[in-house]
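Undergrad: fold the stuff below for me.
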Amino acid sequence: MTAVDVERLSVQFHGRGGPVVAVDEVTLSVPPGSVVGLVGESGSGKSTLARAIVGLVPPVGGSVRIDGVDLGTLSPAARRRARRPVQMIFQDPNSSLNPRMTVGAALTEALGVRERAGRGRAVRDGEVAELLDLVTLDHRVAASYPRELSGGQRQRVAIARALAVRPDVLICDEVTSALDASVTGAILNLLRDLRRQLGLSILFISHNLAVVRYASDQIGVMHHGRIVEFGDAETVVRSPEHPYTRALLDAVPRLGGADASTAVP
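TA: Numbers count the residues shown, from 1 in each chain. Purely as a prediction, here's the structure:
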């Protein structure tokens, strides 16, 4: 099982007035088999941290370790191989899925990353069907284009594509933010089932504390590029220590005046 460890990681961007610190010396671990939630408002650095972990933005300091191996010590090719057990699912499947490719073609392309030679079309079609089964989609969806699917179906396809390379860790970046409440619940339950079925670890990123609390074992609260609070999910929700965490809790919708721990996604 793969573990992801981030230590004192920093990311900067160039702004008009000089460097802008997006991630400021963040230390975070995703142990094998766990779900770690990361919550904060837009601009807090959550997505930038996720992109730095998977290599989409370069850090200016700190380290990312996968199974104890510091990626900064590896060659670019070795770094890509080391990152393969960690796959990212993005917020908007309309942007992350190729509109000119059918679902089956997109999944077949992802399966090809595993570089297993000698597989015929029937074998590959069977693997596509298995991926669709994992995310509870009808096999006929393989012939569809993304535009022909609902938002929830597209996000399931994005999850299936990430699973094609048989990762140990999923990074879910705001995967429910564009979905309505009923579809959000279905996607969260799917991720729970996949975690149990496949033994996945998950870094679950959202601006919605109620959703993060529902999905996670532990929660980190991110503000201005730093993690200002971290702990067991129930402890963070019921006994927050940082004022920013309390402000996030105050913003969570409640049912009948109940506290945030009973709020539903």
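Undergrad: every contact and neighbour count from this point should use C-alpha atoms.
TA: OK.
Undergrad: which parts of the stretch 101-250 of the chain are strands?
TA: Here the stretch 101-250 of the chain has its strands, by DSSP state E, counting those that start in this stretch, at 169-173, 201-206, 218-223, 226-232.
Undergrad: tell me what the shortest one is packed against?
TA: Under the contact criterion of 3 or more Cα pairs under 8 Å, 6 or more residues apart in numbering; DSSP states H and E, the helices and strands touching strand 169-173 comprise helix 46-53, strand 86-89, strand 201-206.
Undergrad: identify the residues contacting that strand?
TA: Here strand 169-173 makes contact (Cα atoms under 8 Å, 6 or more residues apart in numbering) with 2-3, 47, 50, 85-91, 162, 200-206.
Undergrad: how about Leu49, nearest residue that isn't a chain neighbour?
TA: Nearest non-adjacent residue to Leu49, counting by Cα to Cα, 6 or more residues apart in numbering: Val23, 6.4 Å away.
Undergrad: check the gap between that neighbour and Ala247 for me.
TA: For Val23, the distance to Ala247 equals 21 Å [Cα to Cα, to the nearest Å].
Undergrad: ranges for the helices of the stretch 51-200 of the chain?
TA: Along the stretch 51-200 of the chain, counting by DSSP state H, counting those that start in this stretch, helices occupy 76-83, 93-96, 103-112, 121-134, 151-163, 181-198.
Undergrad: pick out the least confidently modelled helix or strand of the protein, by mean pLDDT.
TA: In the chain, no helix or strand scores lower on mean pLDDT, DSSP states H and E than helix 93-96, which sits at a mean of 85.
Undergrad: which parts of that one are buried?
TA: By 16 or more other Cα atoms under 10 Å, the buried positions in helix 93-96 come out as Pro93.
Undergrad: now find how far off-centre it is within its chain.
TA: 14 Å (Cα atoms, centre = their mean, to the nearest Å).
Undergrad: other SSEs contacting that helix?
TA: Using 3+ Cα pairs under 8 Å, 6+ apart, the elements in contact with helix 93-96 are helix 151-163.
Undergrad: for the nearest residue to Gly62 once chain neighbours are set aside, what are its contacts?
TA: Leaving aside its sequence neighbours, Gly62 sits nearest to Leu9 (Cα to Cα, 6+ apart; 4.0 Å). Applying Cα under 8 Å, 6+ apart, we find Leu9 in contact with Val23, Asp24, Glu25, Val26, Thr27, Pro59, Val60, Gly61, Gly62, Ser63, Val64.
Undergrad: what bridges to Leu9?
TA: Taking DSSP bridges as the rule, Leu9 bridges to Val26.
Undergrad: with the one 10 residues further on instead?
TA: Here Pro19 sits in beta bridges with His14, going by DSSP bridges.
Undergrad: neighbour-wise, give me the winner out of the contacts of Leu9.
TA: Counting neighbours by other Cα atoms under 10 Å, Val23 comes out on top of the contacts of Leu9 with 28 neighbours.
Undergrad: can you confirm that residue is in a strand?
TA: Yes - with DSSP: H, G, I helix; E, B strand; the rest coil as the criterion, Val23 is located in a strand.
Undergrad: you'd agree it is up against Glu7?
TA: No - in this structure, Val23 is not within contact of Glu7 by Cα atoms under 8 Å, at 11.6 Å.
Undergrad: per-residue pLDDT, the residue nearest to Gly62?
TA: What the model reports as pLDDT for Leu9 is 97.
Undergrad: please tell me how far it sits from Met101.
TA: Distance, Leu9 to Met101, using Cα to Cα: 36 Å.
Undergrad: residues near the closest residue in space to Phe230 that isn't next to it in sequence, how many?
TA: The spatially closest residue to Phe230, leaving aside those adjacent along the chain, is Gly220, at 4.3 Å (Cα to Cα, 6+ apart). Number of residues near Gly220 (other Cα under 10 Å) recorded here: 24.
Undergrad: thanks again, I'm all set now.
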